[in-house]
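**Q** Sequence and predicted structure are below.
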Amino acid sequence: MEQSLSIFFDQTVNGLVIGNIYGLIAVGLAVIFGVANLINFAHGSVYMVGAYVGWYSIMQLGLPLPVAFVVVAVICGILGILIERVGLRPLHGSARIAPLLATIGISFILDQLVQILFTPDPQRFESPIPAIRIPIGTTSIGLLDVLIAAVAITIATLLYVFLRYSKLGWALRATSQDREAAQQMGVDVNQVNRIAFALAAILGGIAGLLVGMYFQTVYPTMSAQAVLKGFAANLLGGLGSIPGALLGGLLLGLVESYGVALFSTSYRSLFAFIIVILMLLLRPNGLFNPKRQLPPEPLTGTFIPNNKRIHIPVWATVLGGVVALSLPFFFPNPYVMQVLTNAWLIGMVALSVTLVTGTAGQISLGQAGFLAIGAYTASLLTLRLQLPFELALLCAALFTAALGTLIVLPAFRLRSHYVAIATIGISEIINQIILNWRPVTNGALGLTNIPPPSLLGHEIVRPQEVYLFAFALLVGVALLQWKLINSPLGRVWRAVREDEVAAQAYGINLNYYKGLAFAVSAFIAGLSGAFMAHMYTYINYQTFTIPLSILALTMAILGGMGNILGAIVGALVLTILPELFRDLMDFRYLMYGVMLVALIRFRPQGLLGTE
Amino acid sequence: MFKRYALWIALIAVLSTSLVAFAQSDSPTFTGDPIYIGVSGPLTGSLAQYGAQWKKGFDLALAEINGAGGIDGRELIYIFEDSQSDPTQSVIVAQQFVADERIIVELGDFSSTASMAASPIYQRGGLVQFGFTNSHPDFTFAGGEYTWSTSVTQAQASPALADFAVTRLGLENIAVFQLNNDWGLATYDYFTNRVAELGANVVSTQSYLADDTDFRSAITNIRNANPDGIVLISYAPDAALIAQQIREAGLDLPLVGSGSLQTPDFLTLGADAVEGALVIGQFLPSNPRPDVQAFVDAYREAYDEETPDLFAVIAYDAINIIAEAIRLGGPTREGVLEGLKTLQAVPSILYGTVTFDPENRRVLNPEFVDLIVDGGAFIPFDAQASSK
């Protein structure tokens, strides 16, 4: 008893120490949600840049810590203003989703620049804070832990007071609630946005500096995990709430710590995300928000722009299809075949995104989870039960539709940003289960020697045949989707997208129709994942990860939201671009980022426009 | 706005052309066409650091081979295609290489996820896939006859780690940190089996994910299990973090690590926290063998006094083994396969000499060395001397 009490105490301290860090990261994200009202994918990159600027100032230039703080704040502040200027301002008036793609592009550019400048190697970042540790129970906390807590609390308090009581703070909040109305009241909305971005970037940079010092290491990909935990802490505390972000961070740290104590470290993320999903089910406003009702989201109805789309005549589409179909007969270069096969398979994922996100208005960043379910189901069916490939493919897709819909159910009561973050969480949970459920999934070792695709007993391994099979699947699901969108069901989906309240008033059962959209989407993604698994013949928990979900969403936005042909064109463009840039070597993904930003700048409604 | 993009594009175009021009500027005095090796690996993305190490090893080996006249008067060169070690890209690269008739052998990819997705393509294309970092136990069977590896398997390395910890260090109750990926899991399985055979116990296992950075709670678990030593089945950056947090927690137990820790990163990132850490290694820069010293000196001269790590060494070896296979079997795809089957005792920095086991196309009887971190460097560890 005595001992378990002491363990409990130690793990509580451990949880608070790491929760402290989550809270710091979450506060920066809260500003972006609450004020700039945007999922800013570049935030993680700014965090990483802040860590590198801090590391460079202290380790290379030998500046004292307070000066390093100022340098980080100034550089990251400028970076924030630049991001607003390049990624947000030119896209004013276009879809709310356009800046999202711009921020993805900017994050590619920043990550690659840092990697080119400072190499991809992790760098040692020695903390200039004396390594004094204060013993508590059998564990201890360091001076740096105290500093981090102090910084997080100070920043949160200052922000809270600033937003609540200062004139500029009012202007910030007004702009986030209704940009046009704020402008009418004489608020310089551009100025306000600039300040919001600078503020968020400064917070992100300082968090990066402190976390880099805490773990004594900086590396170019350090932001991914941090941002994920920051999201989770934000959801726990209520999206956009600053004190909530801090408390959410601490809570997340505690949950993880107790989880590790009871089970194992490799379950810690699983725990964190299950708690987040439970929260969404029980208290969608976050633990610390008293209201039951979700706050009104200004995005509703404005998320998808009503732009005129480019009309592609039927004959042109058919001609394109015929060219794609005849390509393997006239130009069977295996490299070209494989690139295009990938484009068709990822194109299916883009179709699945454009359906839930474009047509039904639910931003999904969790498609990789559906791919994984489809891939593992099909592989297990062919490996363990010796089912023929065709049957396994179909069963896997149907199973993905059923299971996928079931597990995104908790996200149905949410809107826009919440849905996006919830779907990321769900796809992480799926990955964690795959990793830890060893008897079925073979854990981290993955599934090997999956049989290649086959049709009526004939193995499909020649690049031309794989290409044709993948293309046939793509055309099949595209036609299915086209049929659905142009049916009464498609109209209901668009009604849900445009205005949930109005749709409900007309007697539409929201959950049922969102469920249908996710079921079809998961079916398509599951089909693609199942085929990929048999094409690769080896899969593990790293085959389908969050970057793949982001890529699919990028393709859907680039092609034009809800636009079937657009999703396919987006997939083609984004699969071929990195291949064209192969000769650029290290600069390859830098160029890719530049192209993304440029494309969305000149076609904010997507290449083919919104449907 | 447009001007800014135009500027960017111009800048990048100029930089890249100058890079290409630079790469092609050395004037060869070779007869006949070059012999091409295809390399699939990470040059960008989260694993880019490993691709960068590979290149250093490749370039050094090729400079030596080509400096001595190449192979039968033909220059040996490689084409490195970036896959980010991502399966969607490694299969594209595989098709590209298989279709490119100039390429007679392929090296890589880095991760098993990317490598094994490409293996069937190489197997069907009749192009040898030589994966020199692939320790996944099934790697050489994901393709078949054309899939070879110089990486030690866990079946070889993990019992050696257990022997070191139990027999030579005398640990009886062991706590384990285990990276939960294919490598970590397989290592752990073989390790615990051997530990049990030797009559010792694993009292606590803390498996963790590659991107975990906080280990305080796991360390508390370990403290409560009362072990007499901690084994790290980890990669260098996470092992450095774990070591730091173990020392911060005031836990003064011996740290024993797998061969993956034998990199300069482990020393620089871990600094004071990894002093005294014990590693079952494969390669020692201070090894007095003349070929090792010649290699280390050449490497340090070529790369700014940097000490080569395991990845650079194994990449350097890979090129030399492939060159020997080409010499034996001839500069064709089938020739490389024949050469690999027939080669005997090829000199290797890592292994001394390399001969392949025809059963699993892996290196026969690799040797290991006991190392200790002392004064920020790996030095040989002598259990008897240190107990005195």
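**A** Ah, there it is.

**Q** Okay, domains of chain A per the record?
**A** Residue ranges for the domains of chain A, per automatic domain parsing: A:2-282, A:351-578.

**Q** Any idea which of the ones you listed has the lowest pLDDT on average?
**A** For these, mean pLDDT drops lowest on domain A:2-282, to a mean of 86.

**Q** so where do the strands sit in the stretch 101-250 of chain B?
**A** Here the stretch 101-250 of chain B has its strands, by DSSP state E, counting those that start in this stretch, at B:103-107, B:128-130, B:147-148, B:173-179, B:201-208, B:229-233.

**Q** closest to residue B:340 out of the ones you listed?
**A** strand B:147-148 (5.7 Å; C-beta to C-beta). For the C-beta atoms, the positions are set from N, CA and C on the backbone; glycine is no exception.

**Q** got a list of contacts for that closest one?
**A** Residues from elsewhere that reach strand B:147-148, judged by C-beta atoms under 8 Å, 6 or more residues apart in numbering or on different chains: B:119, B:122-123, B:128-131, B:139-141, B:340, B:356, B:361-362.

**Q** 6 Å instead, please
**A** For strand B:147-148, the surrounding residues in contact (C-beta atoms under 6 Å, 6 or more residues apart in numbering or on different chains) are B:119, B:129-130, B:140, B:340, B:361.

**Q** Kindly report the same for stretch B:161-178.
**A** B:184, B:188, B:191, B:194-195, B:198, B:200-207, B:222, B:225, B:227-234, B:242, B:256, B:258, B:280, B:370, B:383.

**Q** and it, which residues are buried?
**A** By neighbour count on 16 or more other C-beta atoms under 10 Å in any protein chain shown, the buried set for stretch B:161-178 is B:161-166, B:168-169, B:171, B:174-178.

**Q** Looking at those residues, which one is closest to residue A:350?
**A** Closest approach to residue A:350 among these (C-beta to C-beta): residue B:178, at 37.1 Å.

**Q** about what we covered before: just the buried ones from the contacts of stretch B:161-178, in ChimeraX syntax?
**A** Selection of buried members from the contacts of stretch B:161-178 for ChimeraX, criterion 16+ other C-beta under 10 Å:
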select /B:184,188,191,194,195,200,202,203,204,205,206,207,222,227,229,230,231,232,233,234,242,256,258,280,370
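
**Q** Check the contacts of stretch B:161-178 one by one and keep those near chain A.
**A** By C-beta under 6 Å from any C-beta of the partner chain, the members of the contacts of stretch B:161-178 lying near chain A are B:206-207.

**Q** where does the residue nearest the centre of chain A land in three-state SS?
**A** Centroid-nearest residue in chain A: residue A:365, 5.0 Å away (criterion: C-alpha atoms, centre = their mean). Assigned by DSSP: H, G, I helix; E, B strand; the rest coil, the conformation of residue A:365 is coil.

**Q** give me every residue that touches it.
**A** Counting by C-beta under 6 Å, 6+ apart, residue A:365 touches A:420, A:423-424, A:549.

**Q** same check, this time on residue B:270
**A** Contacts for residue B:270 (C-beta under 6 Å, 6+ apart) come out as B:240, B:243.

**Q** so which two of the buried residues of stretch B:161-178 are the farthest from each other?
**A** Farthest apart among these - using C-beta to C-beta - are B:168 and B:178, which lie 21.2 Å from each other.

**Q** if we can go back for a sec, any chance of the domains of chain A in TSV, plus distance to residue A:342?
**A** What follows is those, written out as TSV (distance: least, C-beta to C-beta, whole Å):
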stretch	distance to residue A:342
domain A:2-282	19
domain A:351-578	6
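
**Q** To residue B:63, which of these lies closest?
**A** Of these, the one closest to residue B:63 (C-beta to C-beta) turns out to be domain A:2-282, at 21.3 Å.

**Q** What residues does the stretch 451-600 of chain A have near chain B?
**A** Listed as neighbours of chain B in the stretch 451-600 of chain A under the rule C-beta under 6 Å from any C-beta: A:461, A:536-538, A:540, A:542-543, A:584, A:587-589, A:591, A:594, A:598.

**Q** Could you save those residues as a markdown table and add columns showing secondary structure?
**A** Listed next are these as a markdown table, based on three-state DSSP:
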| residue | secondary structure |
| --- | --- |
| A:461 | coil |
| A:536 | helix |
| A:537 | coil |
| A:538 | coil |
| A:540 | coil |
| A:542 | coil |
| A:543 | coil |
| A:584 | helix |
| A:587 | helix |
| A:588 | helix |
| A:589 | helix |
| A:591 | helix |
| A:594 | helix |
| A:598 | helix |
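
**Q** Throw together a PyMOL command that grabs the buried residues out of those.
**A** In PyMOL, a selection of the buried entries from these looks like this (16+ other C-beta under 10 Å):
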select buried, chain A and resi 461+536+537+538+540+542+543+584+587+588+589+591+594+598
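
**Q** quick one: which of the residues of the stretch 451-600 of chain A next to chain B is nearest residue A:158?
**A** Nearest to residue A:158 among these, counting by C-beta to C-beta, is residue A:594 at 36.0 Å.

**Q** any idea how far residue A:64 is from that closest one?
**A** 37 Å (C-beta to C-beta, to the nearest Å).

**Q** do residue B:367 as well
**A** For residue B:367, the distance to residue A:64 (C-beta to C-beta) stands at 49 Å.

**Q** For the stretch 51-200 of chain A, what lies in contact range of chain B?
**A** Counting by C-beta under 6 Å from any C-beta, the positions of the stretch 51-200 of chain A adjacent to chain B are A:120-122, A:124.

**Q** can you confirm residue A:18 is in a helix?
**A** Yes. Counting by three-state DSSP, residue A:18 is located in a helix.

**Q** surely it meets residue B:214?
**A** Yes. Between residue A:18 and residue B:214 a contact is recorded at 4.4 Å, counting by C-beta atoms under 6 Å.

**Q** Enumerate every residue touching residue 49.
**A** No chain specified, so I'll use chain A. residue A:110.

**Q** The chain in question should be chain B.
**A** Shown in contact with residue B:49 (C-beta under 6 Å, 6+ apart): A:120-121.

**Q** Can you list the buried residues in stretch B:357-371?
**A** Buried-residue list, stretch B:357-371, by 16+ other C-beta under 10 Å: B:360-363, B:366, B:368-371.

**Q** Done for today, thanks.
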